[in-house]
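Chemist: sequence unknown, structure follows:
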């Protein structure tokens, strides 16, 4: 649950991109992730969609995709290559093993 002082800002962000047929909960995850990350003093958020990316930039938060996170976790030994490839493919529309291996080669701790 968002702290009370963040609710007005949440409502503003929620209404701004709202289209006539959108459910009221559309974008709730992206908005609350950014607001809570800033509130908690986090430096990084894991977000995929365009609204989330824009909000992260606006709030001066670094952003990483789930596919990037999978590469980071394999590179640091937190996930096996098989586990990382599974997550990477799910998060990247099945980019494939060759792309995953290329990203691992580029990875720097």
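Modeler: Alright, I've got the coordinates. Since we're looking at a predicted model, the values are computed, not measured. Numbering: from 1, shown residues only.
Chemist: scan this structure for its longest helix.
Modeler: For the chain, the helix reaching the highest residue count under DSSP state H is reported as helix 28-40.
Chemist: residues touching that helix, excluding its own?
Modeler: Residues lying outside helix 28-40 but in contact with it, judged by Cβ atoms under 8 Å, 6 or more residues apart in numbering, are 2-3, 6, 9-10, 13-14, 44-47, 49, 51-52, 55-56, 59, 61. Heads up, the C-betas are built off the backbone N, CA and C, glycines and all.
Chemist: quick check: next helix or strand after it?
Modeler: strand 44-46 (DSSP states H and E).
Chemist: ok, the residue lying closest to residue 79 once chain neighbours are set aside - contacts?
Modeler: Closest residue in space to residue 79, ignoring its immediate chain neighbours: residue 73 at 4.2 Å, by Cβ to Cβ, 6 or more residues apart in numbering. The neighbours of residue 73, taking Cβ under 8 Å, 6+ apart as the test, are 79, 84, 87.
Chemist: ok, residues contacting the helix-or-strand element of the chain with minimal mean pLDDT?
Modeler: Taking mean pLDDT, DSSP states H and E as the measure, the chain has helix 7-15 as its least confident helix or strand, at a mean of 90. The set of residues external to helix 7-15 that reach it, using Cβ under 8 Å, 6+ apart, is 2, 24, 26-28, 31-32, 35, 55.
Chemist: tell me which residue of the chain is furthest from the middle?
Modeler: Distance from the centre of the chain peaks at residue 20, with 25.5 Å (Cα atoms, centre = their mean).
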